[in-house]
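**Student:** Sequence and predicted structure below; questions after.
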Number of protein chains: 2
Amino acid sequence: MLKYEEIAKELEKNISQNELEQGSKLPVLETLMGQYQASKSTVIKAISLLEKKGLVYQVRGSGIFVRKQKRKGYIRFTNQGFSGELRDDKITAKVIELDIRKPTQEAAESLNIDLDEDVYYVKRVRYINGQTLCLEESYYNKSIVTYLNNEIATNSIFDYISEALGHKIGFSDMYLHVNSLTKVEAEYLGLQEGEPKLFVETIFHLNNAQPFDFSRVTYNYQQSQFFFQSTGYSM
Amino acid sequence: MLKYEEIAKELEKNISQNELEQGSKLPVLETLMGQYQASKSTVIKAISLLEKKGLVYQVRGSGIFVRKQKRKGYIRFTNQGFSGELRDDKITAKVIELDIRKPTQEAAESLNIDLDEDVYYVKRVRYINGQTLCLEESYYNKSIVTYLNNEIATNSIFDYISEALGHKIGFSDMYLHVNSLTKVEAEYLGLQEGEPKLFVETIFHLNNAQPFDFSRVTYNYQQSQFFFQSTGYSM
DNA sequence: CAGTGGTCTAGACCACATA
DNA sequence: ATGTGGTCTAGACCACTGG
């Protein structure tokens, strides 16, 4: 673990342990430099990381202050997308389908493969604290995600890909829509046809930019309360 | 303008002018250092900025590559929220109401003011390329935003706040829901009652963390196609 | 104008990707 | 093994805030 990550982690721990309120001032840079035996740049880098996460805000010439989320019960939406953060809640999944097949046109384009290449297709319903959260269909490029089974799909597929298969997950592109539930979708989510839905398509890439997963997710609007922190207004 | 911002701007210009494809490799760091007469750290900082914007991705030990958006016609959703980016399209606004009043309970809490303090209330419909984009209600803390009129509200209120009033806009907290349109909302947006909507509440803060604007925005789902780029998967 | 955060540099050294 | 990106440092200097 890098030094600036270490420092960021420590600071984060201090903030939550001491239950610092919004607006609380952190120690000045020089103090932090001494405390963590690090150079100014390194400390600033650590703090910028926290700023990116939405935990602090910096005011030039004044100080570094704690930032807090006002409302509770919202799913945090970060630069990693939702899924990276859902680990905090009790998320479970039920696998509905899992097989090897040929991709749809859209999946093939998104994954940058031919229509006759194999993909793992996974259809799951995910639950948050016992309620249906979303219906998910995913297409994994089989030449990258070489094996999948029911047990893996019931837990975190991404953990498996990075830990067991040793792939490094990189960036992703998300496309969001709002629309009405089809009959089939409504049944899976325990809702009524025509009720609203949040529909998110995501293309996940490896570290080296190769797409390995194309997913189409329909969210239960009753559980879909998202929180998003923006940082800085420039231009 | 800072040196690393300058470099980032130049690089961005080069990417778009040369129409570089996804995966194109940028010159190596040493070249860029020479080209812009800057130190390694400064160049890296510039590139990190571009990475944050979703324009490039970096692969350690390999290079820096161009990243491109696959689908067209989506509104980009960045760390600045939507509005920061909407400038590219033809956005217009029609003011429906504009007056000084007392805040609602929710607005008072969000703005951190008392129920008997004054706010500017603005209700607008915004259009994108002639179509209704959203219905927006905003509450501005009058002790900060001391004056507003119809003309300002027809254009960009935020430009006015930062340029004419000299305030520095800082971070914001956004809360997203999906739900169904009420009859009134549907009328403003030219849709039917019960159709889906994306509903976003945002608290905007100044540089010094003081909230100055609480807004409630209902989006026309037909125009609400958002694009979001995530960077990096850690933890 | 004092206090504090932020930029920028040169250079040592490290970590990863690719062949 | 080599090329390439990234961390880290010490210190000079700059920019903003607030009394």
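**Tutor:** Received it, and whenever you're ready, just let me know what you need. Numbers count the residues shown, from 1 in each chain, chains lettered A, B, ... in the order given.
**Student:** Quick one: list the elements packing against the biggest helix by length in chain A.
**Tutor:** Secondary structure of chain A per DSSP state H: the longest helix is helix A:3-17. Using 3 or more C-beta pairs under 8 Å, 6 or more residues apart in numbering or on different chains; DSSP states H and E, the elements in contact with helix A:3-17 are helix A:29-36, helix A:40-52. Backbone N, C-alpha and C define where each C-beta goes, glycine included.
**Student:** Buried residues of it, list them for me.
**Tutor:** A:Y4, A:I7, A:A8, A:L11, A:E12, A:I15 (16 or more other C-beta atoms under 10 Å in any protein chain shown).
**Student:** hang on, the fifth one packs against A:L55?
**Tutor:** Read that as A:E12. Yes - counting by C-beta atoms under 8 Å, A:L55 is a contact partner of A:E12 at 6.3 Å.
**Student:** quick one: strands adjacent to the helix or strand bottoming out on mean pLDDT in chain A?
**Tutor:** One helix or strand of chain A scores below all others by mean pLDDT, DSSP states H and E: strand A:75-76, with a mean of 82. Paired neighbours of strand A:75-76 in the sheet (DSSP bridges): strand A:226-230 (parallel).
**Student:** what's next to the partner strand, contact-wise?
**Tutor:** For strand A:226-230, the external contacting residues (C-beta atoms under 8 Å, 6 or more residues apart in numbering or on different chains) are A:54, A:67, A:69, A:71, A:74-77, A:82, B:78-81, B:171-177.
**Student:** Counting neighbours, what do you get for the nearest residue to A:N112 once chain neighbours are set aside?
**Tutor:** In space, and not counting its chain neighbours, A:N112 is closest to A:P211: 5.5 Å by C-beta to C-beta, 6 or more residues apart in numbering or on different chains. A:P211: 21 surrounding residues under other C-beta atoms under 10 Å in any protein chain shown.
**Student:** you'd agree A:P211 is up against A:F171?
**Tutor:** No - counting by C-beta under 8 Å, A:F171 is not a contact partner of A:P211; they are 10.2 Å apart.
**Student:** residues shared between the contacts of those two?
**Tutor:** A:H205.
**Student:** nearest spatial neighbour of A:Y121, skipping sequence neighbours?
**Tutor:** A:R101 (5.1 Å).
**Student:** What separation is there between that neighbour and A:I64?
**Tutor:** As judged by C-beta to C-beta, to the nearest Å, A:R101 and A:I64 stand 52 Å apart.
**Student:** neighbour-wise, which of these two wins?
**Tutor:** Higher neighbour count among A:R101 and A:I64: A:I64, with 21 against 13, using other C-beta under 10 Å.
**Student:** which ones are touching that one?
**Tutor:** Going by C-beta under 8 Å, 6+ apart, the list of residues near A:I64 reads A:K25, A:L26, A:I47, A:V56, A:Y57, A:Q58.
**Student:** go with 6 Å
**Tutor:** A:L26, A:I47, A:V56, A:Q58 (C-beta atoms under 6 Å, 6 or more residues apart in numbering or on different chains).
**Student:** and of those, the nearest to DNA strand D?
**Tutor:** Nearest to DNA strand D among those is A:Q58, at 10.1 Å by C-beta to the nearest atom of the strand.
**Student:** hang on, the closest one is in a strand, isn't it?
**Tutor:** Yes - membership of A:Q58 in a strand is supported by DSSP: H, G, I helix; E, B strand; the rest coil.
**Student:** Next, work out how far apart it and chain B are.
**Tutor:** When distance is defined by C-beta to the nearest C-beta, to the nearest Å, A:Q58 is 10 Å away from chain B.
**Student:** can you check A:T132 too?
**Tutor:** Distance from A:T132 to chain B, by C-beta to the nearest C-beta: 14 Å.
**Student:** ditto for A:R124
**Tutor:** 19 Å.
**Student:** go on, A:I47?
**Tutor:** 14 Å.
**Student:** beta partners of the nearest residue to that residue once chain neighbours are set aside?
**Tutor:** Counting by C-beta to C-beta, 6+ apart, A:I64 is the residue found nearest to A:I47 once chain neighbours are left out, at 5.9 Å. Beta bridges link A:I64 to A:Q58, judged by DSSP bridges.
**Student:** Report the separation between A:I64 and B:A209.
**Tutor:** 11 Å.
**Student:** which residues of chain A fall in helices?
**Tutor:** A:3-17, A:29-36, A:40-52, A:105-111, A:150-154, A:157-163, A:183-189.
**Student:** and those helices as JSON lines, adding mean pLDDT?
**Tutor:** Below are these laid out as JSON lines (pLDDT from 0 to 100):
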{"stretch": "helix A:3-17", "mean pLDDT": "94"}
{"stretch": "helix A:29-36", "mean pLDDT": "95"}
{"stretch": "helix A:40-52", "mean pLDDT": "95"}
{"stretch": "helix A:105-111", "mean pLDDT": "96"}
{"stretch": "helix A:150-154", "mean pLDDT": "92"}
{"stretch": "helix A:157-163", "mean pLDDT": "88"}
{"stretch": "helix A:183-189", "mean pLDDT": "97"}
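**Student:** and of the ones you listed, who's closest to A:V217?
**Tutor:** A:V217 sits nearest to helix A:183-189 of all these, at 10.8 Å, using C-beta to C-beta.
**Student:** Give me the distance from that closest one to the chain's centre.
**Tutor:** Its chain's average C-alpha position is 24 Å from that of helix A:183-189, according to C-alpha atoms, centre = their mean, to the nearest Å.
**Student:** Give me every residue in chain A lying close to chain B.
**Tutor:** Residues of chain A that fall close to chain B, judged by C-beta under 6 Å from any C-beta of the partner chain: A:57, A:59, A:79-81, A:169, A:171-180, A:196, A:198, A:208, A:221, A:224-231, A:233.
**Student:** A:S215 is in contact with A:L111, correct?
**Tutor:** No - with contact defined as C-beta atoms under 6 Å, A:L111 does not count as touching A:S215 (10.8 Å).
**Student:** Compare neighbour counts for the two and give me the winner.
**Tutor:** Set side by side, A:L111 and A:S215 show more neighbours around A:L111, with 25 against 22, by other C-beta under 10 Å.
**Student:** measure that one to chain B for me?
**Tutor:** 11 Å.
**Student:** what do you get for A:E136?
**Tutor:** Noted for A:E136: a distance of 16 Å to chain B, by C-beta to the nearest C-beta.
**Student:** Could you do A:S215 as well?
**Tutor:** 13 Å.
**Student:** Show me the beta-bridge partners of the residue nearest to A:Y121.
**Tutor:** Bridge pairing for A:R101 - DSSP bridges - gives A:V119.
**Student:** what's the answer for A:I91, then?
**Tutor:** A:I128.
**Student:** Look at it and say how many residues are nearby.
**Tutor:** 15.
**Student:** Wait, A:S224 touches A:K197, no?
**Tutor:** No - in this structure, A:S224 is not within contact of A:K197 by C-beta under 6 Å, at 8.4 Å.
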